[in-house]
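*Asks:* Provided below are the primary sequence and the corresponding predicted coordinates.
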Amino acid sequence: MPPKGPRPPSDQLTLELASEPRFGAEDFLVSQSNEQAYGMIELWPQWPDPVLLLLGPPGAGKSHLAAIWAVRAGAFALRAGALACADLPAITQNKALLIEDGDRLDGHEAALFHLLNLTRQEGASLLITAQQAPEQWGLATADLMSRLRLAARVSIEAPDDALMRAVLVKLLVDRQLIVDTNVVEYAALRLDRDLDAARGFVAALDREGLSRGKRITRAMASDVLQALVTGGGEAKEEGEGDGSRGFS
């Protein structure tokens, strides 16, 4: 019987668990950065206007919050770039509509203008998500800009430190990963303020732990963060941000 030597690194594919973002109401974590936006979604159908603009940077949770509302309201959802191909009178009959990426109209200003008018005529509710306020969309249609200025607005901010920690813990629990609290703290202070960055980090950490066959440590988290940065991921190197987000 040959002597047992050290096991070579595993090249096997690891099973990807909980890889898709979970957009249920129970998965949305409320913090100071998003509580105002969450409160407005909870206020429906008593919005101050039939049209609500949900504004915020990428990775702040706009799509998650919009998905919660869409389920609650039974909304018909589509992206702004698809408006020109939609049967607007038909979808407005649904009484609740979600338009994602309103600031990416791809030139379909007339379609959005028509939809805004139909929304008010039919007594429907319309939620539009966008990264920026309409004044920054570069709109050429004055009447469309006028309609959008009538809409209610609420902003969702980039995740704060408390939310990043809470999201990391939840993502780790969803994957049944057990780590020390110092791993969470270490990652929360170094990742970009972006929920997608947190998801990507935890997925990479899970794969790395399975590949090495070892428990997850702060050192492993550091390796994963370095790999994400090298590969164009969403982690901050030392010297960016507040200066406390290096990998040491």
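*Replies:* Here it is on my side, so go on. This structure is a prediction, so every number in the text was calculated from the model and none was measured.
*Asks:* pull the number of nearby residues for Ser63.
*Replies:* Look at Ser63: counted by other C-beta atoms under 10 Å, it has 20 neighbours. From N, CA and C alone the C-beta is placed, and that goes for glycine too.
*Asks:* one more: Thr230?
*Replies:* Neighbours of Thr230 (other C-beta under 10 Å): 9.
*Asks:* low pLDDT regions in this protein?
*Replies:* Across the chain, the ranges flagged by pLDDT under 70 are 1-23, 232-248.
*Asks:* how is it divided into domains?
*Replies:* The chain resolves into domains spanning 34-155, 161-230 when parsed by automatic domain parsing.
*Asks:* quick check: longest helix of the protein.
*Replies:* In the chain, taking DSSP state H as the definition, the longest helix is helix 195-212.
*Asks:* so how far is that helix from its chain's centroid?
*Replies:* Distance, stretch centre to chain centre, for helix 195-212: 17 Å (C-alpha atoms, centre = their mean, to the nearest Å).
*Asks:* between the next helix or strand after that helix and helix 195-212, how many degrees?
*Replies:* Heading C-terminal from helix 195-212, the first helix or strand you meet, by DSSP states H and E, is helix 218-230. Interaxial angle of helix 218-230 relative to helix 195-212 (axes from the mean of the first three to the mean of the last three C-alpha atoms, to 10 degrees): 120 degrees.
*Asks:* how about helix 218-230 as PDB, C-alpha atoms only?
*Replies:* Below are the C-alpha coordinates for helix 218-230, written out as PDB (Å, rounded to 0.1, in the frame of the first residue of the first chain):
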ATOM      1  CA  ARG A 218      -9.300  36.300   8.400                       C
ATOM      2  CA  ALA A 219      -6.200  35.400   6.300                       C
ATOM      3  CA  MET A 220      -8.400  33.600   3.800                       C
ATOM      4  CA  ALA A 221     -10.700  36.600   3.600                       C
ATOM      5  CA  SER A 222      -7.700  38.700   2.900                       C
ATOM      6  CA  ASP A 223      -6.600  36.400   0.100                       C
ATOM      7  CA  VAL A 224     -10.100  36.600  -1.400                       C
ATOM      8  CA  LEU A 225     -10.300  40.400  -1.200                       C
ATOM      9  CA  GLN A 226      -6.900  40.600  -2.900                       C
ATOM     10  CA  ALA A 227      -8.000  38.300  -5.700                       C
ATOM     11  CA  LEU A 228     -11.200  40.300  -6.200                       C
ATOM     12  CA  VAL A 229      -9.200  43.500  -6.500                       C
ATOM     13  CA  THR A 230      -6.700  41.900  -8.900                       C
END
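*Asks:* same for the longest helix of the chain, what does it pack against?
*Replies:* helix 161-174, helix 218-230 (3 or more C-beta pairs under 8 Å, 6 or more residues apart in numbering; DSSP states H and E).
*Asks:* may I see those helices organised as TSV, with distance to Arg207 added?
*Replies:* Formatted as TSV, those follow (distance: least, C-beta to C-beta, whole Å):
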stretch	distance to Arg207
helix 161-174	13
helix 218-230	9
